[in-house]
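> A structural model of the following input is requested.
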Amino acid sequence: MVSPGILLVDKPAGLTSHDVVARTRRAFGTRKVGHAGTLDPMATGLLVIGIEGATRLLTYIVGADKTYTATIRLGQTTGTDDAEGEILTTASADAWASVTDDAVSAGIAELTGEISQVPSAVSAIKVDGRRAYDRVRAGEEVVLAARDVVISRFDLLATRRGEGHVDLDVIVECSSGTYIRSLARDLGAGLGVGGHLTALRRTRVGPFDVTEAVGLDALEGAPTLTPGEAAARILPVLEMSSDDARDLRHGKRLSGQAARLHEAIGAAIDQDGALIGIVEKRGADLKSAMNMPEVAP
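The predicted structure follows:
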């Protein structure tokens, strides 16, 4: 029997997130596998994978903040806002006159903090039930609504000047739902020369770091975090007595225990360290928002 767990994978370039899920299914011998947050084929880095009953935890991970390293190329726009798209425009020599180091720093500062961002048209956002990128590939013009995101860190690590372009290596810490391609596009637009993303690597999802991840060649027998270990990283822990654990597993409320929980939800952990489920307040009581399936001994 396959044990439920959270697997951290370092995705290589050229594969979709679904490709990684498919390989994980084969490696672990189960169909019940999902991930918490898509990476484009061009991107590398951390994918958080749920296996068996731990897929129920992905809902609580997908909204975590994230860290990326990226390379932004100034001087060209593309149809996809990244290097996989066709080059649409190239900046003229005159346009570069105002693109000083100070101007780049100011442009980055403008895109730091709470900002409104229009996602790339070739994103996975659904428009009337269909992915935006499918509509674009079908020849439709897609304009997505702006969304509010938080860029808590946008630091320039290095600048490399080439023939007719400038490459910026950056690190970005941001809220869930942020599109780094859109940051590249908007930075280039603000500087008047256009921009797109040429490299992207996700290094962190909430408390999970890519340094803990395994490569695709190491999926067989790869270590996983138990649901209890993973939940304890992302949520406040409420330790449960054997009686309370039994009641929660049977769908009963824990009468008068809401004061134990100081946030909206918490991870109910039994005396063996196993995750019973996610609990929430309901008046003065605690009730299950999600129950983990019990694993036979």
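> buried ones in stretch 32-50?
33-37, 39-40, 42-50 (16 or more other CB atoms under 10 Å). Bear in mind the C-beta positions are built from the backbone N, C-alpha and C, glycine included.
> That should have said stretch 204-221, apologies.
Of all the residues in stretch 204-221, those buried under the rule 16+ other CB under 10 Å are 204-206, 208, 210, 213-214, 216, 219.
> Considering those, which is situated nearest to Ala64?
When the buried residues of stretch 204-221 are compared for distance to Ala64 (CB to CB), Gly206 wins out at 2.9 Å.
> from memory Gly107 sits against Val193, does it?
No. Counting by CB atoms under 8 Å, Gly107 stays clear of Val193, with 10.3 Å between them.
> Need the nearest residue in space to Ile276, chain neighbours excluded.
The shortest distance from Ile276 to any residue that is not its chain neighbour, by CB to CB, 6 or more residues apart in numbering, is 4.2 Å, and that residue is Ala268.
> Which secondary structure elements does the helix or strand hosting the one you found sit against?
Here Ala268 is covered by strand 265-269, with elements defined by DSSP states H and E. Packed against strand 265-269, as judged by 3 or more CB pairs under 8 Å, 6 or more residues apart in numbering; DSSP states H and E, are the following elements: helix 227-234, strand 237-239, helix 242-249, strand 275-282, strand 285-291.
> Sheet-wise, list the partners of it with their directions.
Each strand that pairs with strand 265-269, with its direction, by DSSP bridges: strand 237-239 (parallel), strand 275-282 (antiparallel).
> Buried deepest among the ones you listed, which one?
Per-stretch averages of neighbours, counted by mean count of other CB atoms under 10 Å, single out strand 275-282 among those, with a mean of 21.
> Export that strand to CSV, keeping only CA atoms.
Once side chains and other backbone atoms are set aside, the C-alpha atoms of strand 275-282 remain, and they are given as CSV (Å, rounded to 0.1, in the frame of the first residue of the first chain):
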residue,chain,number,x,y,z
LEU,A,275,-2.7,14.2,10.9
ILE,A,276,-6.3,13.8,11.8
GLY,A,277,-7.4,16.7,9.6
ILE,A,278,-7.8,20.4,9.4
VAL,A,279,-10.1,22.0,12.0
GLU,A,280,-11.9,25.3,12.2
LYS,A,281,-13.9,27.3,14.7
ARG,A,282,-17.7,26.9,14.7
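> Need the contact partners of it.
With contacts defined as CB atoms under 8 Å, 6 or more residues apart in numbering, strand 275-282 is touched by 57, 60, 226-228, 231, 235, 238, 240, 245, 248-249, 253-254, 258, 261, 264-270, 286-292.
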